[in-house]
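**Student:** Show me how the following folds:
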Amino acid sequence: MTAPITPSPHSSALSEVCTRGYNNTLFNRWKTLFLLAVSRHIPSRRHSNCSIVYLSPSTLVKYGRTVHLSEAAALLFLASSAPTIPVPKLHHAFRDDKSGMTYIVMEKIDGRPLDDAWQGNSPEENERLLSQLKRIFRELRALKKPAETGIGAGAVCAADGGKLHDHRIWNAAGEKGLGPFTSEADFNLFLRNGVSNTDSITDPQRKEDIQRLIELHRESEQKDTETVFTHGDMNLSNILVKEGKVVGIVDWEMAGWYPRYWEYTTAMNTHYIRGWREQIGKFLDEWPQEKEMDDLWRKLYCDGP
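**Tutor:** This next block holds a predicted model:
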């Protein structure tokens, strides 16, 4: 069992969160596991590759073998660096090495997913929500890497500088994760499965596509070497609204420091309702060439949707 630790909620504690948990006391572990053991009567839901159980009207636990403490580190980083961005308050988090399960106990934000509200809203109501999202993501893009973590300007990594987790990328859904990468170029090479040239490729169409992808990657690498903090899964179900306000951005499991285009290209390829993709450019910077690059990469290498 991992030794209990209660780190200070500042950026210097991020690496400790990912290795030892947050507010990881014996009492918090026991309370969480006990409530789950008697939770048959407690409302719950499945979410992607994990489970979510509502422990009280204001508290939930997200747990599973594909839940990672890097999500807890992201919440802790945002709470200390961007307190006006509406994210769930982190209560405690720990990993049970015996079962391989990770548990993140956090605030349950009182709001409903935007995919439930969007169609029933007036165009004016939705425009106001998009304006709020634009402000939120402008603030998110402006965040700086904590000096205490030693994360380089161009690094592609989780909030604490460690591994990223993105179930849409092959071999990255489970324990292994991906990265960290010192630069966008290293990240792109990983995305191409280590392919740096097309000399050994015999299929003419694949050779042409991969050569084009390499060219697009290199053009992107020359534009900006600094990565930005990114949610990484910006779809309607992860935006909570109430009474005309954006009250929560949730599910930071894929968050980390990524190239500037990554928020836009992943948002364009996640779950959406009719007409939503046309709204994304109203709150995120658009990257049309990088969208072409991302589409080509998905065609060639990505196993996910």
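**Student:** least trustworthy helix or strand in this protein by mean pLDDT?
**Tutor:** The least trusted helix or strand in the chain, going by mean pLDDT, DSSP states H and E, turns out to be strand 44-47, with a mean of 53.
**Student:** Could I get the buried residue list for the following helix or strand past that strand?
**Tutor:** Per DSSP states H and E, the first helix or strand lying C-terminal to strand 44-47 is strand 50-56. Of the residues in strand 50-56, 50, 51, 52, 53, 55 count as buried by neighbour count, 16 or more other C-beta atoms under 10 Å. Any C-beta I mention is one placed from the backbone N, CA and C, and that applies to glycine too.
**Student:** next one: stretch 124-131
**Tutor:** For stretch 124-131, the neighbour count (16+ other C-beta under 10 Å) marks 126, 129 as buried.
**Student:** which residues sit against it?
**Tutor:** Residues outside stretch 124-131 that contact it (C-beta atoms under 8 Å, 6 or more residues apart in numbering): 114, 118, 121, 239, 241, 244, 245, 246, 279, 282, 283.
**Student:** give me that answer again for 6 Å
**Tutor:** Under the contact criterion C-beta atoms under 6 Å, 6 or more residues apart in numbering, stretch 124-131 has outside partners 244, 246, 282, 283.
**Student:** The second one sits in which helix or strand?
**Tutor:** Assigning secondary structure by DSSP H and E places residue 246 in strand 245-249.
**Student:** do the same with the last one
**Tutor:** Element membership for residue 283 (DSSP H and E) is empty, with no helix or strand holding it.
**Student:** Could you count how many residues lie near it?
**Tutor:** Number of residues near residue 283 (other C-beta atoms under 10 Å) recorded here: 21.
**Student:** Let me see the backbone angles for it.
**Tutor:** Dihedral pair for residue 283: phi -130, psi -10, per degrees, to the nearest 10.
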